[in-house]
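Asker: Sharing a model that was predicted from the sequence below.
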Amino acid sequence: FAVGLLLGFPALRVRTHYLAFVTLAFSTLIWLVLRNEQWLTGGVFGISNIPRPSFFGLEFTRSAPEGSQTFASFFGLEFSAMHRLIFLYYLILVLALLTHAFVSRLRKLPVGRAWEALREDEIACQAMGMNTTNIKLSAFAIGAMLGGFAGVFFAARQGFISPESFVFTESAIILAIVVLGGMGSQMGVV
């Protein structure tokens, strides 16, 4: 992690679209490390047997171990495999709304205004005495945190995760979404 930060700091001094290219290159480097570190990520075999999500300890299965209940039996419902999918849908919907509220609030705080100023004119930010490297680093950290939360739910949904799940094309698609949707927009409208 420390090596990644040390390697990442010079990349934060790059401007405009070159920053996106350096970030893509750095993510490819991290992907290769994660793919080859058998002890950490399982390598190409990944991490399996990730526990499925539950509703406050109530499993979405047909039968429960001795002394416990399932979601369907607790609420007096007939078992359906759709219960887990519906639960995940509403859970992700609530988390997406919370994330939107969090990001909207962040944009109104001084750090959000600094991000916007940096996006509009980096040279003007430097002229005003802003530390552009720290501003970019805070944006990367918040983005990584939100991406990590999303990754947790992705892994729980899949039950398996490996570096092969996140190839270069995934990063390129996200970059295309940012470019086509507008760099400063949450909803795709500038």
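Answerer: Perfect, I can see it now.
Asker: Flag the shaky bits of the protein, pLDDT-wise.
Answerer: Across the chain, the ranges flagged by pLDDT under 70 are 1-17, 67, 182-190.
Asker: what about the helices in it?
Answerer: Assigned by DSSP state H, the chain shows helices spanning 2-11, 16-36, 38-41, 71-74, 82-108, 110-120, 122-127, 132-158, 168-181.
Asker: Show me which residues of the fifth one are buried.
Answerer: Using 16 or more other Cβ atoms under 10 Å as the test for burial, helix 82-108 gives 83-84, 87-88, 106. From N, CA and C alone the C-beta is placed, and that goes for glycine too.
Asker: Export those to a markdown table and append columns for distance to residue 46.
Answerer: A markdown table is the format used below for those (distance: Cβ to Cβ, whole Å):
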| residue | distance to residue 46 |
| --- | --- |
| 83 | 27 |
| 84 | 21 |
| 87 | 24 |
| 88 | 20 |
| 106 | 33 |
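Asker: returning to what we had before: single out the most deeply packed of the helices of the chain.
Answerer: helix 71-74 (a mean of 18; mean count of other Cβ atoms under 10 Å).
Asker: And that one, what does it pack against?
Answerer: Secondary-structure packing of helix 71-74 (3 or more Cβ pairs under 8 Å, 6 or more residues apart in numbering; DSSP states H and E): helix 82-108.
Asker: Now do the most centrally placed residue in the chain against residue 64, distance only.
Answerer: Nearest to the centroid of the C-alpha atoms of the chain, with distances taken as Cα atoms, centre = their mean, sits residue 147, at 1.1 Å. According to Cβ to Cβ, to the nearest Å, residue 147 stands 34 Å off from residue 64.
Asker: for residue 85, same thing?
Answerer: From residue 85 to residue 64 the distance is 19 Å (Cβ to Cβ).
Asker: cool, and residue 120?
Answerer: The value you get for residue 120 to residue 64, if Cβ to Cβ is used, is 56 Å.
Asker: from what I can see residue 117 touches residue 123, true?
Answerer: No. Using Cβ atoms under 8 Å, residue 117 is not in contact with residue 123, being 11.0 Å away.
Asker: before we move on, the earlier item: out of the helices of the chain, which comes closest to residue 49?
Answerer: Residue 49 lies closest to helix 132-158 among these, at 11.1 Å (Cβ to Cβ).
Asker: Next, the angle helix 16-36 makes with that closest one.
Answerer: Per axes from the mean of the first three to the mean of the last three Cα atoms, to 10 degrees, the angle that helix 132-158 makes with helix 16-36 is 40 degrees.
Asker: Just list what helix 132-158 packs against, helices and strands only.
Answerer: helix 2-11, helix 82-108, helix 110-120, helix 122-127, strand 160-161.
Asker: can you redo those as JSON lines with distance to residue 180?
Answerer: Compiled in JSON lines, those are given as follows (distance: least, Cβ to Cβ, whole Å):
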{"stretch": "helix 2-11", "distance to residue 180": "23"}
{"stretch": "helix 82-108", "distance to residue 180": "19"}
{"stretch": "helix 110-120", "distance to residue 180": "16"}
{"stretch": "helix 122-127", "distance to residue 180": "22"}
{"stretch": "strand 160-161", "distance to residue 180": "28"}
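Asker: Please consider this matter closed, and thank you.
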